[in-house]
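Undergrad: Next input, structure requested:
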Amino acid sequence: MITESTLPSFLSDIMKCWLKQYHGNELDTLTSLGLFHWEFRPNRRLTEKPRRRPIIDKCFSLKTSLVHKSIYFHEVDPDTLHAFESSGLTLAGFKVAFEYKWDGKKFIRMKKLFSMIS
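TA: Down below sits the predicted model:
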């Protein structure tokens, strides 16, 4: 069973609060947690809007499973958190990233930043 004491030490308090709010009952299904940053690449169709891709920085494996469910965080500022979730099989999964704002009591989902079927 995954508890707060078994979570990796590089997760900040705001990240642990997000996990508790959105995946409090599902912590045992998570296979890995980590940190990521955004990489921006040129966009041929819309040159003023570059493509963003999440790049994993740190990864802490919680367990091994055929079907993975991973969550990675990027803390923009003390009140803004980007959460990147990847789930499914290795070559048949879903990846999505959202921006969340902390209002002092709970997180509010603001907008979708990235979505991809792999």
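
Undergrad: Show me where this protein has its strands.
TA: 32-41, 51-61, 68-77, 80-88, 93-102, 107-117 (DSSP state E).

Undergrad: could those be laid out in a markdown table, adding mean neighbour count?
TA: No exception for glycine: its C-beta is placed from N, CA and C like everyone else's. As requested, these are exported to a markdown table (neighbours: other Cβ atoms under 10 Å):
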| stretch | mean neighbour count |
| --- | --- |
| strand 32-41 | 16 |
| strand 51-61 | 14 |
| strand 68-77 | 18 |
| strand 80-88 | 18 |
| strand 93-102 | 17 |
| strand 107-117 | 12 |
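
Undergrad: Kindly state the beta-bridge partners for the residue nearest the centre of the chain.
TA: Nearest residue to the geometric centre of the chain (Cα atoms, centre = their mean): residue 84, 2.6 Å. Beta-bridge partners for residue 84, by DSSP bridges, are residue 72, residue 97.

Undergrad: contacting residues for it?
TA: Contacts for residue 84 (Cβ atoms under 8 Å, 6 or more residues apart in numbering) come out as 36, 54, 71-74, 95-97, 114.

Undergrad: try residue 41
TA: Per Cβ under 8 Å, 6+ apart, neighbours of residue 41: 50-53.

Undergrad: repeat for residue 56
TA: Applying Cβ under 8 Å, 6+ apart, we find residue 56 in contact with 34-36, 72.

Undergrad: and if you look at residue 9?
TA: Residue 9 touches nothing, counting by Cβ under 8 Å, 6+ apart.

Undergrad: try 10 Å this time
TA: Contacts of residue 9 were listed using Cβ atoms under 10 Å, 6 or more residues apart in numbering, and they are residue 60.

Undergrad: Next one, pLDDT for it please.
TA: On pLDDT, residue 9 comes in at 87.

Undergrad: how much space between it and residue 49?
TA: Taking Cβ to Cβ, to the nearest Å as the measure, residue 9 falls 37 Å from residue 49.

Undergrad: circling back to that earlier point, pipe the contacts of residue 84 into TSV and attach distance to residue 88 per row.
TA: Output for the contacts of residue 84, formatted as TSV (distance: Cβ to Cβ, whole Å):
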residue	distance to residue 88
36	18
54	16
71	14
72	15
73	20
74	21
95	9
96	11
97	15
114	15
